[in-house]
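Visitor: show me the folded form of this:
(2 chains)
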Amino acid sequence: MKIIVLAKHAPDPESEISVASDGKSVSQSGLVYDINDWDRYAVEEAIRIKEDKGGEVVVVGVGTNCDDTLRKCLAMGADRAIKIPVDTSFDAYTTAEVIKEAIKDEQFDMIFAGLMSQDLNNAQVGVLLAAMLDLPVATAATELKVEDGKVIARRELEGGYLEEVELPTPCVITIQSGINEPRYVSIMGIKRAKSKEMKEVSVSPSISTLEIEKMYLPPVKKAEMIEGDPSQVAEKLIEILKERGLI
Amino acid sequence: MFRGVDFYNIDELLSDEDRLVRNSVREFLEKEVVPLVADAWHEEKPLNFHKLGKKFGELGMLGTFIPEEYGCPGMSYTTFGIVCQEVERVDSALRSFVAVTSGLVMYPIWQYGSEEQKKEYLPKLAKGEIIGCFGLTEPNHGSDPGSMEATARRNGDEWVLNGTKTWISEADMADIAVVWARDVEDGKIKGFIVEKGTKGFQQSALTKKGSMRAGSVGELGLVNCRVSEENRLPGARGLRAPLSCLNQARFGISWGAIGAAMDCYETALNYTKERKQFGAPLASFQLVQEKLVKMLIEITKGQLLAWRLARLMDEGKATTEQISLAKKNNVRVARYCARTARELLGANGVSLDYSPIRHMANIESVYTYEGTDDIHTLILGRAITGYQAFRREL
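Guide: Alright, predicted model coming up:
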């Protein structure tokens, strides 16, 4: 069983976030990068399947500075890494496109991607890649059962509902957080990772599908204090609720 | 979130692997250990090192610098230093556990033990399956271990040990103790591995501590305690052996203390940026900035000192005096930062829910153990003047 896992080196959403001076990007100062949380679950799931059934886990990262995340995946137990040193920023299409090119010579049974990234929340790269490769895809998997030539994925739907789907391999699956309990990286794992292969594959995206015009922090919502005696407060409150069509 | 204090880009001096170790250990501690510390400290219920030790072992945090052939990670002293920094950021008792296990229990077995002893104990200690402690200090002999009263008397294939050891980290919960005693025949200090449950071996905890309350400290009693010759560390001859162990632990402290200082600085910085008085954040006042800047400067100097010392350790060139200087300086930095952070937090600074007062109380132990601040002054004084000022005839 050979599994390719997409792992993004992404800023932690709890970092100090500010808009850069060009007004079109996020300032890098104050950002703390780590593996995208959903991808951590995807890597863990792939390693568990490999530990159970044998095979290989290949982790793929896009970006000029994604080494730390790839090294972390290798330390967790991935067998080798492919680094695509291209900064595709917000453009999910070009991200998927460069991954498709970089893995074109790889044979695989499954591709795992985190459901979404913790910085952009687009949830697009996995499904775009599936479309480009013309492969079946299941999103938001919360449980996987891998059998010969197929995988049964339990998907999370809205409102607490679940759906079970069967996909033939090869296929693409995007992984929901909570599917497992990702392991901590051990010092021994870090040492072993040192001798594992991290190959750089230079690919250039063919088109750009996205242009950022403006980036800004959401305006701060102001609270209105209603003053007066209780009957006046109630009257004013009803007026506001009616005005907004809430009652 | 904690980003680390790195004003001088010291991260660039670390290898990719060491930065990954730092991040991984930090992540583990923040999720699994930080939530346990305040209550353990408040109630003086030591953290469960039998449970935590196994997790530390899985991550490779114990005996980090000891070779892989003994089931250890076989990394560098720099890696060991980083682990100490991260655990002491959380609580000094955790660093005590890591440094005692690695430097005072595993190191003497590795350096002075027989091959059988190394194979028997080192893998178990590295995995956290067993806990060790180090019995050197006695009720009447702290800074002057050369005058120890504990005795060892050879009796056939056995040794009979008598004496009391006190202020021993993890004394009551340890599965094995590396105990030092004077051979009554040749007058030399020798090292023994004493297992829990050995007849005549007593283990107890000291309580009502005003420091290190999340950790365990206690006494070891040896009353005609018989251990076999196989339990003696064959390579340890004289006081030099236990003192060499102290160098390992002191090195760990030089990194750990900076971890505590970093946490104090970060806590004070975040607090003063958020809390407003007189209509403005505390951090906007000059008096507050002066305190924060002084902490940052001292931490940065301490980080560089610790990093350089780690390099010297990795090259096998570090001297006892260099280790003393780093231990003395960096513990002073931690002591200063803990007090200053406590002060900047105002009344909240006395609450155990905030870390500075815990660090402030813990660091008093660190200031005193593994060579008091004064002893390190005398070690350095002897090195630069050529005169020893430890003892005098009265």
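Visitor: please compute how far stretch A:75-85 lies from its chain's middle.
Guide: Taking C-alpha atoms, centre = their mean, to the nearest Å, the mean C-alpha location of stretch A:75-85 is offset from the chain mean by 16 Å.
Visitor: and for whichever residue of chain A sits closest to chain B, the neighbour number?
Guide: Evaluated by C-beta to the nearest C-beta, chain A has A:I187 as its residue closest to chain B, separated by 3.0 Å. (Each C-beta comes from the backbone N, C-alpha and C, glycine too.) Residues lying near A:I187 (other C-beta atoms under 10 Å in any protein chain shown) number 28.
Visitor: contact partners for the nearest residue to it once chain neighbours are set aside?
Guide: Computed as C-beta to C-beta, 6 or more residues apart in numbering or on different chains, the closest residue to A:I187 that is not its neighbour in sequence is B:G60, at 3.0 Å. When the contact criterion is C-beta atoms under 8 Å, 6 or more residues apart in numbering or on different chains, the partners of B:G60 are A:S186, A:I187, A:M188, B:C72, B:P73, B:M75, B:A126.
Visitor: packing partners for the helix or strand harbouring the third one?
Guide: Using DSSP states H and E, the secondary-structure element containing A:M188 is helix A:187-193. Contacting helix A:187-193 under the criterion 3 or more C-beta pairs under 8 Å, 6 or more residues apart in numbering or on different chains; DSSP states H and E are the following elements: helix A:67-76, helix B:16-32.
Visitor: again, only using 10 Å
Guide: For helix A:187-193, the contact count by 3 or more C-beta pairs under 10 Å, 6 or more residues apart in numbering or on different chains; DSSP states H and E identifies helix A:67-76, helix B:16-32, helix B:49-59, helix B:77-90 as packing neighbours.
Visitor: tell me the angle the helix ranked longest in chain A makes with helix A:67-76.
Guide: With DSSP state H applied, the helix covering the greatest number of residues in chain A is identified as helix A:37-53. Using axes from the mean of the first three to the mean of the last three C-alpha atoms, to 10 degrees, the inter-axis angle of helix A:37-53 relative to helix A:67-76 is 30 degrees.
Visitor: now helix A:37-53: buried residues?
Guide: Neighbour-count burial for helix A:37-53, counted by 16 or more other C-beta atoms under 10 Å in any protein chain shown, picks out A:37-50.
Visitor: same question for stretch B:19-38.
Guide: Using 16+ other C-beta under 10 Å as the test for burial, stretch B:19-38 gives B:19-26, B:28-29, B:33, B:36-38.
Visitor: now do the helices in chain B.
Guide: Taking DSSP H as the criterion, chain B contains helices spanning B:16-32, B:34-43, B:49-59, B:77-90, B:92-99, B:107-112, B:115-127, B:240-274, B:286-314, B:320-344, B:355-368, B:373-385.
Visitor: OK, now which residue of the stretch 201-350 of chain B is nearest to chain A?
Guide: Scanning the stretch 201-350 of chain B for proximity to chain A using C-beta to the nearest C-beta identifies B:K273 as nearest, at 10.5 Å.
Visitor: ok, that residue - contacts?
Guide: With C-beta atoms under 10 Å, 6 or more residues apart in numbering or on different chains as the criterion, the residues that contact B:K273 are B:P281, B:L282, B:A283, B:S284, B:V288, B:L292.
Visitor: all helices for chain A, in order.
Guide: Taking DSSP H as the criterion, chain A contains helices spanning A:37-53, A:67-76, A:92-102, A:125-133, A:187-193, A:230-243.
Visitor: the second one: which residues count as buried?
Guide: Burial within helix A:67-76, assessed by neighbour count using 16+ other C-beta under 10 Å, is assigned to A:D67, A:D68, A:T69, A:L70, A:R71, A:K72, A:C73, A:L74, A:A75, A:M76.
Visitor: from the contact counts, what lies against it?
Guide: Under the contact rule (3+ C-beta pairs under 10 Å, 6+ apart), helix A:67-76 is packed against strand A:9-11, strand A:33-35, helix A:37-53, strand A:56-62, strand A:80-84, helix A:187-193, strand A:198-200, helix B:16-32.
Visitor: ok, which of these comes nearest B:R153?
Guide: Minimum separation from B:R153 across those (C-beta to C-beta) falls at helix A:187-193, 42.1 Å.
Visitor: okay, buried residues for that closest one please.
Guide: Buried residues in helix A:187-193, counting neighbours by 16+ other C-beta under 10 Å, are found at A:I187, A:M188, A:G189, A:I190, A:K191, A:A193.
Visitor: then stretch B:197-204?
Guide: By neighbour count on 16+ other C-beta under 10 Å, the buried set for stretch B:197-204 is B:T198, B:F201, B:Q203.
Visitor: any low-confidence regions in chain A?
Guide: Scanning chain A for pLDDT under 70 picks out nothing.
Visitor: the strand ranked longest in it to helix A:37-53, inter-axis angle?
Guide: The longest strand of chain A (DSSP state E) is strand A:137-147. Here strand A:137-147 points in a direction 20 degrees away from that of helix A:37-53 (the same axes, to 10 degrees).
Visitor: counting by contacts, list what strand A:137-147 packs against.
Guide: Judged by 3+ C-beta pairs under 10 Å, 6+ apart, strand A:137-147 is in contact with helix A:37-53, strand A:110-114, helix A:125-133, strand A:150-156, strand A:162-168, strand A:171-175.
Visitor: those into CSV, with extra columns for distance to A:V86?
Guide: Shown next, in CSV, are these (distance: least, C-beta to C-beta, whole Å):
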stretch, distance to A:V86
helix A:37-53, 18
strand A:110-114, 17
helix A:125-133, 13
strand A:150-156, 30
strand A:162-168, 29
strand A:171-175, 20
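Visitor: figure out which of these is closest to B:A171.
Guide: Proximity of those to B:A171 was assessed by C-beta to C-beta; the nearest stretch is helix A:37-53, lying at 39.1 Å.
Visitor: tell me the contacts of the residue of chain A closest to chain B?
Guide: With contacts defined as C-beta under 10 Å, 6+ apart, A:I187 is in contact with A:75, B:17-18, B:20-21, B:24-25, B:58-62, B:64, B:72-75, B:79-80, B:82-83.
Visitor: let's see 6 Å
Guide: By C-beta atoms under 6 Å, 6 or more residues apart in numbering or on different chains, A:I187 lies in contact with B:V21, B:G60, B:P73.
Visitor: give me the buried positions along stretch A:8-22.
Guide: Using 16+ other C-beta under 10 Å as the test for burial, stretch A:8-22 gives A:K8, A:H9, A:A10, A:P11, A:D12, A:S15.
Visitor: can you check stretch A:94-114 too?
Guide: By neighbour count, with 16+ other C-beta under 10 Å as the criterion, the buried positions of stretch A:94-114 are A:94-103, A:108-114.
Visitor: just the CA coordinates for that stretch, please, in CSV.
Guide: Taking C-alpha atoms only, stretch A:94-114 is exported to CSV below (Å, rounded to 0.1, in the frame of the first residue of the first chain):
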residue,chain,number,x,y,z
THR,A,94,-1.7,26.1,-9.0
THR,A,95,-0.9,24.2,-5.8
ALA,A,96,-2.8,21.2,-7.1
GLU,A,97,-1.3,21.6,-10.5
VAL,A,98,2.3,21.6,-9.3
ILE,A,99,1.6,18.6,-7.1
LYS,A,100,0.1,16.7,-10.1
GLU,A,101,3.3,17.4,-12.1
ALA,A,102,5.7,16.5,-9.3
ILE,A,103,4.1,13.1,-8.6
LYS,A,104,3.5,12.1,-12.2
ASP,A,105,6.1,9.3,-12.0
GLU,A,106,4.9,8.0,-8.7
GLN,A,107,2.8,4.9,-8.5
PHE,A,108,0.3,5.1,-5.6
ASP,A,109,-2.8,3.5,-4.1
MET,A,110,-4.1,6.6,-2.3
ILE,A,111,-3.5,10.3,-1.9
PHE,A,112,-4.4,11.8,1.4
ALA,A,113,-4.8,15.5,2.0
GLY,A,114,-6.0,17.4,5.1
